[in-house]
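Asks: take a look and give me a structure for this.
(3 chains)
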Amino acid sequence: MASVTLKNIYKSFGYVEVLHNINLEVDEGAFVVLVGPSGCGKSTTLRLIAGLEDATEGEVLINKRVVNLIEPQHRNIAMVFQNYALYPHKNVRENIIFGLKRAKAPKDLINRRLERVSRILELEDLLDRKPAQLSGGQRQRVAMGRAIVRDADVFLFDEPLSNLDAKLRHQMRSEIRRIHREYKTTSIYVTHDQVEAMTLGDKVVVMRDGFIEQHGSPMEIYLKPNNIFVATFIGAPSMNMLDATLFPGFVELEGQKLMLTKRINENDIPLPKEGKKLKLGIRPDFFLDEDIVGKETHLAIIRNAHIDIIEPLGFDRELDVQVGNQALKARLDLRTMAKEGETINLCFDMERAHFFDVGTEKRLSIH
Amino acid sequence: MNKHAGLFNKMPISIEQRESRLGWKLIAPSLGVIGLLIIYPILYNIYLSFFDVKLTGEKFFIGLANYEKLLQDTAFYGSVLTTIIFLIGTVVGSTLIGLLVALLMNLQFPFRNVARAIILLPYFAPIISVVFGWQFIFDPVNGIYNHVMVEVLHVTDQRHNLIGDPHTALLVVIIFDIWRHFPISCLLIISKLQSINRDQYEAAAIDGCGPLGRFFHVTLPEIYFVLGTLVILRLIWNINKFEDVFLLAPNVQTLPIFTYYAAFTGIIDQGFAATISVVQFLFLSFLIYFYVKKVLKW
Amino acid sequence: MIGKRSFLQNIFLALAVGSVLFICLFPFIQILSTSLKHQFDWGNPSLIPMKINLEAYRELLGFGKMKDAPIPDTIKRLLDNPLITEKKKDEIISKYRSTGDVFPFPRYFLNTFILSASAASISLILAVFGAYSFSRLRFKGRSTIQRSILFVYMVGGVMLMVPLYQMSVKAGLTKTVWGSLLSLLLIYIIQTLPVSLYMLGNYFRTIPYSLEEAAATDGCSRIEAIFFIILPLSAPMLVTVFVYCFIIAWNEFLFASVFIKQFHDFHTLPLALQSLFVSKNAIWDRIMSASMLTLLPVIFCFMFVMRNLTGGLTAGGVKE
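Replies: Reported below is the predicted structural model:
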């Protein structure tokens, strides 16, 4: 087990700078997820830690030791690749123990480790097969096995589940959690899937265009996104961003006054007379149907939203509605009687709403 | 550059630098061999073309005399003409026949893979062996060609030595070269044909195209590029062709054979031979340049 | 392709395929047929020998009854001279015997085999590292190298004939057998190296990088990754490239005729066959059986690597 630190990392490919001043601290035994859209630099960051790429500037530390000039084979890391990267000419057993054999580990140790790993990952019956004879999920498990058998300081995961179908992905997600609980090895996990990020990480690092936009626990990021990008990237369906104007005591949205709660009001920021234009962010899950909850005074209400489409999703139904000139999504439970083409009054708790600056797109700390 | 990069070998160096050094180390032996035995000889050849070179290695500078001699040599022009006829005949022939056979071999029929393998045999078989097969076929006394022409079809009443006669020998050489090289054209065209989506044919059929229309509207545009590549590559290869011509009919003097005779037989004049090679090389470089620009599009 | 073929169309297709195959195979059949025929049968257009004649094969392969060349009377008289030592006598006799030995096929076969196999091996070894370098490592100058390789790959041997010969003369290599053989070996290496580099480079590029990266995290250096991962994965392609180079060298005539013509014992098969063809010993059955025996190893290799070869050729271009 080891800590991993990135200090002021810059990385350029030719003249294109892809990472700008990345600083990251991964504690011993932590599970950190790097998440962001493709091209955000998350994989490059991982490859820098692995030693597969050079940092153009800055330092990579593993176990408080600068490893910039140390080749990957000497960093004692294990990596799980997106395409699994199993050696096609070796069978499962040889694939798993290849690293141990390279490290000249004694035979009985190799056997012990192999036995344990194949038990944990349920690979016992597959040991003599070649990768080509395995299903996607099995290959994934072998790739995991190859990583954990070596007792490496750090596990690196590069989008390991993106080639699996939804059901297997769900299953492997829990498997990875279980393995981490068992081995407690420092893990860094790269994904573009925010669900994986939320469910796996102790800590989530959201990246975009070579910058770290925000890091923190999954709940922190979900509940207090730093800016519009993080707010819309994390959470599905993604957060509604509505053009609104802030006045003392209320927010105006498409001519409707939405009252602020007392606590927010006390925290007010200096406002011009004509109000401050901003983005009002509300997650679709936080809407309630007024007909169901009844009149609750502490909730803000968007009235006469016109329902375009209702998608029944089982327990939930997702509504595409129109308020004035703005579209938004709401996810209500099946008790709602709303029908397509009719109107609905949507309530929400203003304390669950977010305010962002129109220009900087940063969070306004109203609460 | 990494700020940790060492200035000296002893100092630790970055992963990038290590990779770059390894790259040069691994390619160095190949580059050495290629540089010494291909690039240097090409330059040395140009140098030699200004000398009177003896087989023993002695040489005397004679300036452009070799070039003057070449330009006044009627045999050289004859050889250029022979080369041009040879090139046109073989390039057109091997590409067209390659295309026809590829279309045929792209149809579904039993044992298609075996058939495809068999047609590659002429290309891979040792030239020296197949040459004798062909010599025998055209042998004036025993050959099947004369038998068919004279005794069966009565086209002529006299047996001809087609390979012995320089005029007809060129034709035989062209046919032989087509026989040897259409398989490779065929192979490359087939691999392209296989990549054409079936839907395109079905769409064309629905649009009312018959088999011929489908060929011109779907197949031809798709393989156009491959055909172009084949033509230019065949030109490049065949300019250099020696064995196919020399072993079957030494009396057909394309440029390489002309050079060979000048360099190693009769009145040996290696400087002159070098000069012919230089001229040939210039033409070849032009073709390669054309290939690189138009086909590979660097 | 679209719709079903009618019976007539099927007949036509069968005829077309049949005739293409026939044209491709006819010269080979002719060679086989003539090699098995007696002299009286040569002019007979039928491809099936009236009577099988294996004499030529027996003779070439060095078993069966080898006709001893008669020693001329003048030499016999010379041998009777008591002044000549026993050793000298044997030498003279064996000299005559060896000219009687018209075509030592096994010897030529071995010459060609050793030369081709060495050239192909060296070329392959150089190409493995070279191709790995420019196809998988990032460094300045790599694209220039790739382009130069494509360029030399298209420059034919004929153009290098004079300068290479002059270089060997200057280096003093043409004076001795071994020097000449070394020249020839080097020439076969450069004739096959560009195509090997090209084919292997294209193949290596298809191997996912993550395999090597996995090997690196498993503790392999770059060189170890080549040996443990890249080479085992490329095994079929390595065999293919080897065979392709082998065939190029096996078939080569031009440089062999330039460099080792005067060293009869070291002739390669193409050179020996050509000499046989123009010599007084030219008999069709002998030429044809020698051709047949020269063909066989190539056909054998060809069947062996057929599948990969066609793939490699279409992906990697071809070299002649």
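Asks: all contacts plus neighbour counts: C-alpha atoms, from now on.
Replies: OK.
Asks: touching chain A at all, the strand or helix carrying C:V195?
Replies: Under the criterion of DSSP states H and E, C:V195 resides in helix C:177-204. No. Applying Cα under 8 Å from any Cα of the partner chain, one finds helix C:177-204 separated from chain A by no less than 14.5 Å.
Asks: that helix packs against which elements?
Replies: Using 3 or more Cα pairs under 8 Å, 6 or more residues apart in numbering or on different chains; DSSP states H and E as the contact definition, the elements that helix C:177-204 packs against are helix B:15-34, helix C:105-136, helix C:142-154, helix C:231-251, helix C:254-259, helix C:284-316.
Asks: distance between that helix and the chain's centre?
Replies: Counting by Cα atoms, centre = their mean, to the nearest Å, helix C:177-204 is centred 13 Å from the centre of its parent chain.
Asks: cool, stretch C:212-219 as well?
Replies: Counting by Cα atoms, centre = their mean, stretch C:212-219 is centred 39 Å from the centre of its parent chain.
Asks: can that stretch be said to contact chain B?
Replies: No. Remark: stretch C:212-219 sits outside contact range of chain B, by Cα under 8 Å from any Cα, the gap being at least 12.3 Å.
Asks: give me the mean pLDDT for that stretch.
Replies: Averaged over stretch C:212-219, pLDDT sits at 92.
Asks: ok, back up a step: turn the helices and strands packed on helix C:177-204 into CSV, including mean neighbour count and distance to chain A.
Replies: Formatted as CSV, the helices and strands packed on helix C:177-204 follow (neighbours: other Cα atoms under 10 Å in any protein chain shown; distance: least, Cα to the nearest Cα, whole Å):
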stretch, mean neighbour count, distance to chain A
helix B:15-34, 18, 6
helix C:105-136, 22, 13
helix C:142-154, 16, 15
helix C:231-251, 22, 6
helix C:254-259, 20, 41
helix C:284-316, 20, 17
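Asks: between those, which one is closest to A:R93.
Replies: Closest to A:R93 of the helices and strands packed on helix C:177-204 is helix C:231-251 (Cα to Cα; 17.0 Å).
Asks: ok and that closest one relative to helix C:177-204, angle-wise?
Replies: Orientation note: helix C:231-251 sits at an angle of 140 degrees relative to helix C:177-204 (axes from the mean of the first three to the mean of the last three Cα atoms, to 10 degrees).
Asks: gap between the residue in the stretch 201-350 of chain A that chain C sits nearest to and chain B?
Replies: Using Cα to the nearest Cα, A:G210 is the residue of the stretch 201-350 of chain A that sits closest to chain C, at 22.4 Å. Relative to chain B, A:G210 is positioned 19 Å away (Cα to the nearest Cα, to the nearest Å).
Asks: ok, now which ones touch that residue?
Replies: Under the criterion of Cα atoms under 8 Å, 6 or more residues apart in numbering or on different chains, the contact list for A:G210 reads A:18-20, A:22, A:40-42.
Asks: A:L332 too?
Replies: The contact partners of A:L332, by Cα under 8 Å, 6+ apart, come to A:285, A:287-289, A:316-319.
Asks: quick one: strands adjacent to the helix or strand hosting it?
Replies: The secondary structure element spanning A:L332 is strand A:326-333 (assigned by DSSP H and E). Partner strands and pairing direction for strand A:326-333 (DSSP bridges) are strand A:316-323 (antiparallel).
Asks: what pairs with A:F31 across the strands?
Replies: Under DSSP bridges, the beta-bridge partners of A:F31 are A:S187.
Asks: low-confidence regions, the stretch 151-298 of chain B specifically.
Replies: Applying pLDDT under 70 to the stretch 151-298 of chain B picks out residues B:298.
Asks: can you give me the helices in the stretch 1-150 of chain B?
Replies: Along the stretch 1-150 of chain B, the stretches classed as helices by DSSP state H, counting those that start in this stretch are B:15-34, B:40-48, B:65-72, B:74-105, B:112-118, B:121-124, B:127-137, B:144-146.
Asks: whoops, the stretch 1-150 of chain A was the one
Replies: Taking DSSP H, counting those that start in this stretch as the criterion, the stretch 1-150 of chain A carries its helices at A:42-50, A:92-102, A:107-120, A:136-148.
Asks: the first one packs against which elements?
Replies: Under the contact criterion of 3+ Cα pairs under 8 Å, 6+ apart, the helices and strands touching helix A:42-50 comprise strand A:154-158, strand A:186-191.
Asks: stretch B:54-69: how far from the chain's middle?
Replies: Counting by Cα atoms, centre = their mean, stretch B:54-69 is centred 29 Å from the centre of its parent chain.
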